Every structure is written in C-alpha cells, then in structure tokens.
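A.B. asks: got a structure for you, letters missing:
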C-alpha cells in the first residue's frame, strides 16, 4: 500500500505517521501543503497531527484552504480513503469533509494520556478488522478535541453508523474525557471513506511503550 | 472603512472559556452574573467606501473562514 502523508507548516506528527505505516510494510510519501496534486497510485491520504498554522483562528481553519486540500477533496469525492488524526481530524471537519466541529476541551486543559476507546462501528473501510465493542488503548494529546454536532446531526450519524470510536473505560463503557457529544472520539463521513479521530494510533506501536493497539487499528486500513 | 466582526459560540453550544471566567468572577465575589460568553473580535480595514459592498464582502469572509457556522455565530459592524 502507498500512503501520502500531508505536511503543513506546524504539522509535527508526519514522521511518526510515516514510521507507523512503514513498520507495517507500506511505502509513504510526504506531500507539502503547497502541492496541487497528490502522488499517483496512492491508497490512502493521511492528514497527520500537529498545530497547522499555529492553530490560529481555529484549529485546522487555515490549513483547510491549502492548495493540497483541493486535491484531497477531489480524491475523497472520487472514493479515495482519507484519514485525519488529531489536527487532521480538525482540518477535515473544517473542510466540511466530516460532520461536526471540534472545540476547546470542557476543562480547558491540554489532555495528554493513554485512553481506552470503544469500537462502535466496524462496517467501514477503516475498522473492519476490529470487533464492535472492542476496547483499544491509544494515546490522546489535544486541547481542542471536544466534538460537537447538533441533535439532528447526531441522530443522522448514529443512524448511518458514522460514529466509529467513543472514549471509554477498559470495559467499553463511555466516559467523559473532553466534553465530546456522547463521548465521540472518531467519526467517518456518510460514504465511509473518510475517517477522523482525535487519538493517535501512530503513537501506540510498541507494547514496551504502553500499547500496540495502534498497529491493530492501522492494519485495518490496508487494502 | 472598518469592519468589526464578533464571533461567538452559538447559544446552546457550551462555552468552556466563558464558564471558567464565570466561575472565576463568582469566586472573586462579583454577584449577580447570569452568564459569561467569550468570543473573538476581528477588525478588518477595507479600501472601499461602499457600505453595502463592504457588508456583503465581510459576510462572505465570515461564512468562508472567520466563523465556523457549525458552532459559531457572528455579527458584523461597518464603520
């Protein structure tokens, strides 16, 4: 599989993301935000974590107008797979490629820790190798991870199986972490080819460092 | 002309910063505060003298970039 990893000014998870996919045996290519086209023959675009444009105005609000995002939007609309991690998730919601928005954590803190996540839906291109109700331990590190969607939108994404992950305890019971509506940690679009999540699977690759559940999750993205 | 844009979280969308400031004001002994909302103000200098044109341009700026209308409302004042 060939993975394109985007890079904006302020992105800081691009090398971790490359390392993760290369560890799984894939090839990766960094793509600069000013590029107007994606590399050919790619199977996945990753919008990695970081602080694109210093999080000025709103997290992700400026990056989403980068030239490369036009190419990503076209790629996604043609059915290409796109993954947004943390700041990448924020960029994808700002771009309107994913529903909802991410706002400041309710406790105003930057939360950085290992967190259990419950797999809510697996009938999509990303988590089909995980089981529904399975709990994954993957780190979170964000200040603006408080997922918001209005009641009508929530009903719609629930009905369509677009809620992929919720913050949970070790048994899969939802827990309040940052104020997210119904503890949502990750959602996909209606067509289920775009996935955004606040947790960092690329940081959970070695048991000795706390968890290798990230491998389990990222393997599901293989074609 | 100068456009003053105020962007706030929508009513019904919890404003964590406003809530923290509210709590701090309560702790300091300021009584009778019902609600505190924190937003941002964006001041834009425009070279036009046409108020209607300025208003419609700034509205487009708000809808495109300055506000995220999923969670935020905005007001525009042209001077």
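C.D. replies: Thanks, I have it. Small disclaimer: the values here were computed from a predicted structure and weren't measured.

A.B. asks: alpha carbons only for contacts and neighbour counts from here, please
C.D. replies: OK.

A.B. asks: how long is stretch A:43-62 from one end to the other?
C.D. replies: 26 Å (Cα to Cα, to the nearest Å).

A.B. asks: for the record, mean pLDDT for that stretch?
C.D. replies: Throughout stretch A:43-62, pLDDT has a mean value of 96.

A.B. asks: my guess is residue A:45 contacts residue A:82, does it?
C.D. replies: Yes. Under the contact definition of Cα atoms under 8 Å, residue A:45 touches residue A:82, with a separation of 4.8 Å.

A.B. asks: which residues are in contact with residue A:210?
C.D. replies: residue A:204 (Cα atoms under 8 Å, 6 or more residues apart in numbering or on different chains).

A.B. asks: same thing but 10 Å
C.D. replies: A:114, A:137-139, A:203-204 (Cα atoms under 10 Å, 6 or more residues apart in numbering or on different chains).

A.B. asks: over to residue B:30?
C.D. replies: Per Cα under 10 Å, 6+ apart, neighbours of residue B:30: B:22-24.

A.B. asks: tell me how far it lies from chain A.
C.D. replies: 22 Å (Cα to the nearest Cα, to the nearest Å).

A.B. asks: can you check residue B:33 too?
C.D. replies: For residue B:33, the distance to chain A - Cα to the nearest Cα - is 20 Å.

A.B. asks: ok, residue A:171 - how many residues close by?
C.D. replies: 12 (other Cα atoms under 10 Å in any protein chain shown).

A.B. asks: phi, psi for the nearest residue to it once chain neighbours are set aside please.
C.D. replies: Using Cα to Cα, 6 or more residues apart in numbering or on different chains and skipping residues adjacent in sequence, the residue nearest residue A:171 is residue A:135, 7.0 Å away. Backbone geometry at residue A:135, expressed as degrees, to the nearest 10, gives phi -110, psi 130.

A.B. asks: could you do the one 3 residues further on as well?
C.D. replies: Phi and psi for residue A:138, reported as degrees, to the nearest 10, are phi -140, psi 140.

A.B. asks: dump the residue contacts of it.
C.D. replies: A:113-117, A:199-205, A:210-214, A:217.

A.B. asks: among those residues, which ones are buried?
C.D. replies: A:114-117, A:199-205, A:211-214, A:217 (16 or more other Cα atoms under 10 Å in any protein chain shown).

A.B. asks: just the ones of the residues you listed in helices?
C.D. replies: Judged by DSSP state H, these include A:213-214, A:217 as members of helices.

A.B. asks: show me which of the residues you listed is closest to chain B.
C.D. replies: residue A:217 (29.2 Å; Cα to the nearest Cα).

A.B. asks: tell me how far the closest one lies from residue B:60.
C.D. replies: Relative to residue B:60, and taking Cα to Cα, residue A:217 is found at 40 Å.

A.B. asks: near chain A, which residues of chain B show up?
C.D. replies: Proximity of chain B to chain A (Cα under 10 Å from any Cα of the partner chain) is limited to residues B:9, B:12-17, B:19-20, B:40, B:42, B:64-71.

A.B. asks: out of the ones in helices among the buried ones among the contacts of residue A:138, who's nearest residue A:123?
C.D. replies: Nearest to residue A:123, judged by Cα to Cα, of these is residue A:217 at 13.8 Å.

A.B. asks: and the closest one, how far from residue B:11?
C.D. replies: Residue A:217 sits 37 Å away from residue B:11, taking Cα to Cα as the criterion.

A.B. asks: could you report the neighbour count for the closest residue in space to residue A:91 that isn't next to it in sequence?
C.D. replies: Closest residue to residue A:91 apart from its sequence neighbours, by Cα to Cα, 6+ apart: residue A:60 at 4.1 Å. For residue A:60, the tally of surrounding residues (other Cα under 10 Å) stands at 26.

A.B. asks: can you show me the strands along the chain?
C.D. replies: Reading this off chain A. A:2-7, A:27-32, A:44-47, A:82-85, A:101-103, A:111-119, A:135-142, A:146-148, A:163-168, A:184-188, A:194-197 (DSSP state E).

A.B. asks: oops, chain B please
C.D. replies: B:2-9, B:40-45, B:72-78.
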